[in-house]
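Asks: Quick one: sequence plus predicted model below, questions after.
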There are 2 protein chains.
Amino acid sequence: MSSDVHRQGEAADGTVKPRVRRADPSGAAASPETGALVPPARSPVEPTDEASRAAVTAPGAPARPQTVTLKDVARAVGISQSAVSMALADSSRISPATKDAVRAAVKSLGYVPNSAGRALRAGRAASIAVVVPNTGQHMFGHPYFMHLLVGVTAAANAHDVALMISTNPDETHGVAAYERVLRSRAASGAIVASASINDTNVNRMVDAALPVVLIGRYPQLPHAVSVGVDEVAGAMAITLHLVQQHGLRRIAHISGPLDHQPAIDRYEGFTRALAESGQPCTHTLAVGDFSEESGRAAARQVLDTMSDVQAIFAANDEMAYGALLELRSRGLRVPEDIALAGYDDFGISRLVTPGLTTVHVPAEALGQRAAALLFDLVEGTTPVRTHTVLPAEIVVRDSCGTHPA
Amino acid sequence: MSSDVHRQGEAADGTVKPRVRRADPSGAAASPETGALVPPARSPVEPTDEASRAAVTAPGAPARPQTVTLKDVARAVGISQSAVSMALADSSRISPATKDAVRAAVKSLGYVPNSAGRALRAGRAASIAVVVPNTGQHMFGHPYFMHLLVGVTAAANAHDVALMISTNPDETHGVAAYERVLRSRAASGAIVASASINDTNVNRMVDAALPVVLIGRYPQLPHAVSVGVDEVAGAMAITLHLVQQHGLRRIAHISGPLDHQPAIDRYEGFTRALAESGQPCTHTLAVGDFSEESGRAAARQVLDTMSDVQAIFAANDEMAYGALLELRSRGLRVPEDIALAGYDDFGISRLVTPGLTTVHVPAEALGQRAAALLFDLVEGTTPVRTHTVLPAEIVVRDSCGTHPA
DNA sequence: CCTTCGTGCTCAAACGTTAGAGCAGTCGAC
DNA sequence: GTCGACTGCTCTAACGTTTGAGCACGAAGG
């Protein structure tokens, strides 16, 4: 049985010699798990166009796998296939006895309706798509999407609908990947989880006149159906927590790229909270790109330019972690010397020492709501409101200081 | 514009009052991000059966969204639709001039082939599925799947094939979710990422005579095509590292559930390494379930029963983290008092302090290889080998002790 | 001049499904 | 006794695609 097993990297004598990789002990940005993937010995699948693929398949094409269709059920029961179809649709025009017979035959033959036939007839597929445009895998691999997917999956399962996911291989294929899914009617609607507010793809999708639900806030697309989180409120809450609960006054914000709506909203929440706190606060801003390394760089900038910083609020946990590394390397203690807060709450914040105070993004709930809205759209029920905003919730851990009182 | 915005949890006066949740400062198992999701104000989508949904859609059913089909292109060019089809397939029977005209018309009309029509005609859909059977979301939400998905997505994109994901809503729906995807021909093949070796669903899938690639090692299914990682070698390598590089002799293993192939393999690698190390080692075993809490419990058991433990090797990073918490709470230092190692390398191991020495699981590469194999199967090319095994690679960080020169 | 061949298309059928029209038989009402 | 309505089905068309068969035409070969 082991004779047909092929071990890559196996030495000639049959012993397995695992490669050892030594991690950067500084724990900095050269993160092993996001590093280049182990290159497969076999070259990656090369793109094949429809024509040549068909040519390859044609010669030795095995008999199409035998499927049981309506016709088979009809033959078994001794009625027409339309009658079977109607029976399965529980039509009142079919006698109970016939329905029973049909159900029995369906079960014994193992009939499952062919989705292509159904989709063709119905004009739409029984599936929805989650599209993540404009993404290298750096975006798609994020835990955020995993949680989103869990939510969408749950809703799709409940609705008895299949789920397709569609990402863009690269910028040049930009449009293709997701537009085709919709235009080809492979999915009857889509949930779009994008990023940049300048993403023209998003506008395209919305214009496509197909059911689309956006995740996030899209002020420039007032008529698009969207579901988001109240990011401004979340950022306000955590900033106010720093100011009011911990009495901090000199606070830096490390924002994400400011063509990114969440980055804008979190920054706005930050400034608004300072303005409304009633306290004389000083603040500064450093812009990152949501990556750990950019957070570290931003922290460096903050520490070098603002004297006596008391707290840093980063627009996501990854940058907060980067900042933590910078603080650590300068011998600054968190939270004793500087308080730290993040945003997202997808694992990092809990695992890091000290645990990061952060704002929880309910990605799973977002996914579930988005799917529910999409189903309304697909079924022609116009949703009552176009924009749904879920509440933010802050999670207090240790990085912002010991709990007063 | 903000008038149609509905804020959940918004107070009557319009101010947003975010809820504050206080995290368990012990940092133990009550992990916020895996906790119950924020319950949506609106009740979750209730299951709707096919019949009643159709009834809802029927009355006000809007005109089916206008799509441009082959017929439209044919009309525009002034030829038959078969000619258009042949032109697009680059048939030699069509003149270059006509092909050009067709391509121009396709472009100007924005024709995209309807996937249902194509799938119906071809007998199979241009999509593959990733199925995760036997799963509460506890399994599906794991970073492992995210990485797997990234790999599969890349391959699917390169092959110009859509990707469906299919999970089981719950145990009762067990079969339905994935079996339907395949039996209904919604996908032309599937990648199965399962867990338990007793999972009868996996056998069912394999028996279904549809292209299926399993992820992991399935010794009991020798004829199924699978792609896995050499878990035994990985566990051996890390164990030998502890024994040979760090001179540790009293080592405990915290395994996963032993009806789970990776758990079995990692345990086997552990014992085999000890046997082959040439050193007189003492070891013990505690069984967990791959959860952080079970890791903590197992560590408790180990520390209470085995005297003078020098190292703990946990079968995954989550349990290693649980063990770390237990050690920390007993005032034991890692690695000074006890060395620690994990397995998986999906983020936790890098973020925790001290960084965990672990074995890297190349989930993305697994996904990519699995997809490549699946495409071979779907296209009728029988792959040369049924089992592919990727090499393991250990990642040395700080939890196993300082690097001996 | 007739046949053969090649070219460049058209025609028709088929994939599996659903739904509207139609139809044979029964039954109740007038 | 005739009419209409109802019951319980069958027939047929249609969704959009691909493909094998067929056909009209011109050129080449006998």
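Replies: Looks like it came in fine. Numbers count the residues shown, from 1 in each chain, chains lettered A, B, ... in the order given.

Asks: Sheet partners, orientation included, of the strand or helix carrying A:Ala286?
Replies: Per DSSP states H and E, A:Ala286 falls inside strand A:282-287. The strands beside strand A:282-287 in its sheet (DSSP bridges) come out as strand A:250-255 (parallel).

Asks: quick one: buried residues of the strand it pairs with?
Replies: Buried residues in strand A:250-255, defined by neighbour count with 16 or more other CB atoms under 10 Å in any protein chain shown: A:251-255. The C-beta positions use only the backbone N, C-alpha and C, and glycine is treated the same way.

Asks: Kindly export the next helix or strand after the strand holding A:Ala286 (C-alpha atoms) in PDB.
Replies: Where DSSP H and E defines the elements, the next helix or strand beyond strand A:282-287 is helix A:292-305. Below are the C-alpha coordinates for helix A:292-305, written out as PDB (Å, rounded to 0.1, in the frame of the first residue of the first chain):
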ATOM      1  CA  GLU A 292       1.700  44.500  11.300                       C
ATOM      2  CA  GLU A 293       4.800  46.000   9.900                       C
ATOM      3  CA  SER A 294       3.100  49.300   9.000                       C
ATOM      4  CA  GLY A 295       1.900  49.400  12.600                       C
ATOM      5  CA  ARG A 296       5.300  49.000  13.900                       C
ATOM      6  CA  ALA A 297       6.600  51.800  11.600                       C
ATOM      7  CA  ALA A 298       3.800  54.100  12.600                       C
ATOM      8  CA  ALA A 299       4.500  53.500  16.200                       C
ATOM      9  CA  ARG A 300       8.100  54.300  15.600                       C
ATOM     10  CA  GLN A 301       7.000  57.600  14.000                       C
ATOM     11  CA  VAL A 302       4.700  58.400  16.800                       C
ATOM     12  CA  LEU A 303       7.200  57.800  19.500                       C
ATOM     13  CA  ASP A 304       9.800  59.800  17.600                       C
ATOM     14  CA  THR A 305       7.600  62.800  17.100                       C
END
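
Asks: Packing partners of helix A:292-305?
Replies: strand A:250-255, strand A:282-287, strand A:311-314, helix A:317-329 (3 or more CB pairs under 8 Å, 6 or more residues apart in numbering or on different chains; DSSP states H and E).

Asks: picking that back up, next, give me the two most distant ones among the buried residues of strand A:250-255.
Replies: Greatest spacing in those, by CB to CB: A:Ile251 and A:Ser255 (12.7 Å).

Asks: Stretch A:218-230: end-to-end distance?
Replies: 12 Å (CA to CA, to the nearest Å).

Asks: averaged over its residues, what pLDDT does that stretch have?
Replies: In this model, stretch A:218-230 has a mean pLDDT of 90.

Asks: what does that stretch rub up against?
Replies: A:197, A:202-203, A:206, A:212-217, A:261, A:361-362, A:366, A:369-370, A:373, A:377, A:383, A:386-392, B:1, B:7, B:16, B:18 (CB atoms under 8 Å, 6 or more residues apart in numbering or on different chains).

Asks: What subset of those residues is buried?
Replies: Counted by 16+ other CB under 10 Å, these give A:197, A:202, A:206, A:212-217, A:261, A:361-362, A:366, A:369-370, A:373, A:377, A:383, A:386-392, B:7, B:16, B:18 as buried.

Asks: Could you pick out which of the residues you listed are located in strands?
Replies: When DSSP state E defines the strands, the subset of these inside them is A:212-215, A:387-390, B:7.

Asks: Please tabulate those in a markdown table and include pLDDT and distance to A:Thr357 as additional columns.
Replies: A markdown table is the format used below for these (pLDDT from 0 to 100; distance: CB to CB, whole Å):
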| residue | pLDDT | distance to A:Thr357 |
| --- | --- | --- |
| A:Val212 | 89 | 35 |
| A:Val213 | 93 | 31 |
| A:Leu214 | 91 | 29 |
| A:Ile215 | 93 | 25 |
| A:His387 | 91 | 28 |
| A:Thr388 | 92 | 27 |
| A:Val389 | 94 | 23 |
| A:Leu390 | 95 | 20 |
| B:Arg7 | 50 | 23 |
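
Asks: what's the distance between the strand holding A:Ala286 and the middle of its chain?
Replies: Centre-to-centre, strand A:282-287 and its host chain are 29 Å apart (CA atoms, centre = their mean, to the nearest Å).

Asks: and what of stretch A:221-232?
Replies: Relative to its chain's centre, stretch A:221-232 lies at 16 Å (CA atoms, centre = their mean).

Asks: Contact residues of chain A facing DNA strand D?
Replies: Within reach of DNA strand D by CB under 7 Å from any atom of the strand, chain A has these residues: A:50, A:54, A:58, A:78-83, A:86, A:93-95, A:97-98, A:120-121, A:123.

Asks: if you set the cut-off to 6 Å instead, what comes out?
Replies: A:54, A:79-80, A:82-83, A:93-95, A:98, A:120-121 (CB under 6 Å from any atom of the strand).
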